[in-house]
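Pasting a predicted model and its sequence here:
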Amino acid sequence: MIPPDINALFPKLRLDGGKKTSEATNKYNCIGWSVERTQTAWYEPKPINKWETWPSDVPDDYSLDSFIFLFERRGYRQSDTLDTSFNFFIKKVAIYAAFGIYGTQQWEFTHVSDQLNCGLWTSKLGKGIDIFHNTPNSLEGQQPDDYGKIYKILWRRCSMKEMLARLCCKVCKIFNCEWKKASLCQ
Amino acid sequence: MQTAFEINFDFAVPHYEPCPDGRVLYQFADLNENIELISNPESTLVRDFRTLAKDWQDTTASYALNMRRYAHPTYQRLIGLFAKQPQGDVIPLILEELRERPDIWFEALKLLSGQDPAKCAKTFDDAVASWIAWGKRQRYIS
């Protein structure tokens, strides 16, 4: 179940099959979660504390381009469309942005979520919980504290391991296995 | 009377005097050391801090970046609030908040105290523990 405060912030989430998948923690954020599935590193372009990190090969200027570049350095390419549908051979990441949130007249990074091997999407909500959701669009919003809109879809080819996991997920779906939600899905 | 701090009256009945600014000064005559607790029944600082802190934490909980959380107008109002108060009044409030609802109060504490007891902390939990231990050593909190 998604907590009421999260439902209030993202009204589309409940109808999109949003599911809580972890307890709230500020040990890691959505970037660390999507980049390397870490549960111990908070990705912040200008780290202040030892548990915060940022790759040295990516500019630390907080610009939206830098967040996109972070994923490009890890093999992702920018998609020309905002197609979020599931493709067996493609791993997708959705970058969210909002306009002018720091008082500047430009788009700023707000959130990232990525598609799982089972086709669902996963998000770490700030210092809060992890969730599964059917589409990345359910986290879009117009309020100042929302994530804004999906600004860019990035994609890369799946590894053999990921394709095998996807195959297993598909088989599990057909036979309605319970363990389909296990680590294979991630 | 509503007090800002819970006081254990088991060991002594304090003598108290209202101050002109609305605060109440408690003195514990039974203790050898001259310990004074200051309770602020109608403290604007305590009320404002708790309201703003809750608002900031609730509003920015889903933000992906700490920088966006620090840039939030409510956090800026908190910093403005801290700047107007003596550090001895503000630091205990932040430490209590840190203990009850751990969050990134470290920069504010560093700014106010001029110290960084969590400099070597490798995890968020270590940093919280370091600041709480420091607060106890400095007698900001018990």
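Alright, I've got the coordinates.

In chain B, what residue comes closest to chain A?
B:Ser62 (4.1 Å; C-beta to the nearest C-beta). From N, CA and C alone the C-beta is placed, and that goes for glycine too.

tell me the mean pLDDT over stretch A:111-122?
Averaging pLDDT along stretch A:111-122 yields 95.

Where does the most centrally placed residue in chain B fall, secondary structure wise?
Residue closest to the average C-alpha location in chain B (C-alpha atoms, centre = their mean): B:Leu93, at 1.2 Å. Per DSSP states H and E: B:Leu93 is located in helix B:87-100.

Who are the contact partners of the closest residue to A:Phe10 other than its chain neighbours?
What sits nearest to A:Phe10 in space, not counting adjacent residues and going by C-beta to C-beta, 6 or more residues apart in numbering or on different chains, is A:Leu139, at 5.5 Å. By C-beta atoms under 8 Å, 6 or more residues apart in numbering or on different chains, the contact set of A:Leu139 is A:Phe10, A:Lys12, A:Leu13, A:Tyr96, A:His111, A:Ser113, A:Ser123, A:His133, A:Asp146, A:Tyr147.

that older thread, ok, then the element right after the helix holding B:Leu93?
Criterion used, DSSP H and E; the element after helix B:87-100 is helix B:106-113.

that older thread, ok, the contacts of A:Leu139 vs A:Lys170, which is closest?
A:Lys170 lies nearest to A:His133 out of the contacts of A:Leu139, by C-beta to C-beta, at 19.6 Å.

pretty sure that closest one contacts A:Lys20?
No - if you go by C-beta atoms under 8 Å, A:His133 and A:Lys20 don't touch, sitting 10.6 Å apart.

between those two, who's got more neighbours?
A:His133 (22 against 16; other C-beta atoms under 10 Å in any protein chain shown).

how about the residues of chain B near chain A?
Proximity of chain B to chain A (C-beta under 8 Å from any C-beta of the partner chain) is limited to residues B:58-68, B:71, B:102-104, B:106-107, B:118, B:120-124, B:127.

Show the buried residues in the residues you listed.
B:59-66, B:68, B:102-104, B:106, B:118, B:121, B:124, B:127 (16 or more other C-beta atoms under 10 Å in any protein chain shown).

What about the residue lying closest to A:Cys177 once chain neighbours are set aside, how many residues nearby?
Closest residue to A:Cys177 apart from its sequence neighbours, by C-beta to C-beta, 6+ apart: A:Val171 at 7.7 Å. Neighbour count for A:Val171, taken as other C-beta under 10 Å: 11.

now A:Gly17
The burial count assigned to A:Gly17 is 14, neighbours taken as other C-beta under 10 Å.

residue contacts, it?
With contact taken as C-beta under 8 Å, 6+ apart, A:Gly17 is in contact with A:Phe132, A:His133, A:Asn134.

so A:His111, which of the three states?
Here A:His111 is strand, with the state taken from DSSP: H, G, I helix; E, B strand; the rest coil.

My guess is B:Phe106 contacts A:Asn49. True?
Yes - counting by C-beta under 8 Å, B:Phe106 touches A:Asn49, with 6.9 Å between them.

I'd like to know how many residues surround the residue of chain A found nearest chain B.
Chain B sits closest to A:Gly126 of chain A, with a gap of 4.1 Å, by C-beta to the nearest C-beta. The number of residues packed near A:Gly126 is 22, by other C-beta under 10 Å.

Equivalent analysis for the one 10 residues further on, please.
As a burial measure, A:Pro136 scores 26 neighbours (other C-beta under 10 Å).

same question, the one 10 residues further on
Neighbouring residues of A:Asp146 were enumerated by other C-beta under 10 Å; the total is 18.

didn't B:Leu52 look like it was pressed against B:Gly80?
No - using C-beta under 8 Å as the test, B:Leu52 is too far from B:Gly80 to be in contact (9.7 Å).

who has more neighbours, the two?
Neighbours were counted for B:Leu52 and for B:Gly80 using other C-beta under 10 Å; B:Leu52 has more, 16 against 10.

What strand or helix carries that one?
Residue-wise, B:Leu52 maps onto helix B:44-60 under DSSP H and E.

Next, the angle from that helix to helix B:87-100.
Orientation of helix B:44-60 against helix B:87-100 (axes from the mean of the first three to the mean of the last three C-alpha atoms, to 10 degrees) gives an angle of 40 degrees.

in helix B:44-60, what's buried?
In terms of neighbour count (16+ other C-beta under 10 Å), helix B:44-60 has its buried residues at B:Leu45, B:Val46, B:Phe49, B:Leu52, B:Ala53, B:Asp55, B:Trp56, B:Gln57, B:Thr59, B:Thr60.

Please read off the pLDDT at the second one from the model.
Okay, so that is B:Val46. The model reports B:Val46 with a pLDDT of 91.

The fifth one too?
The confidence metric pLDDT takes the value 96 at B:Ala53.
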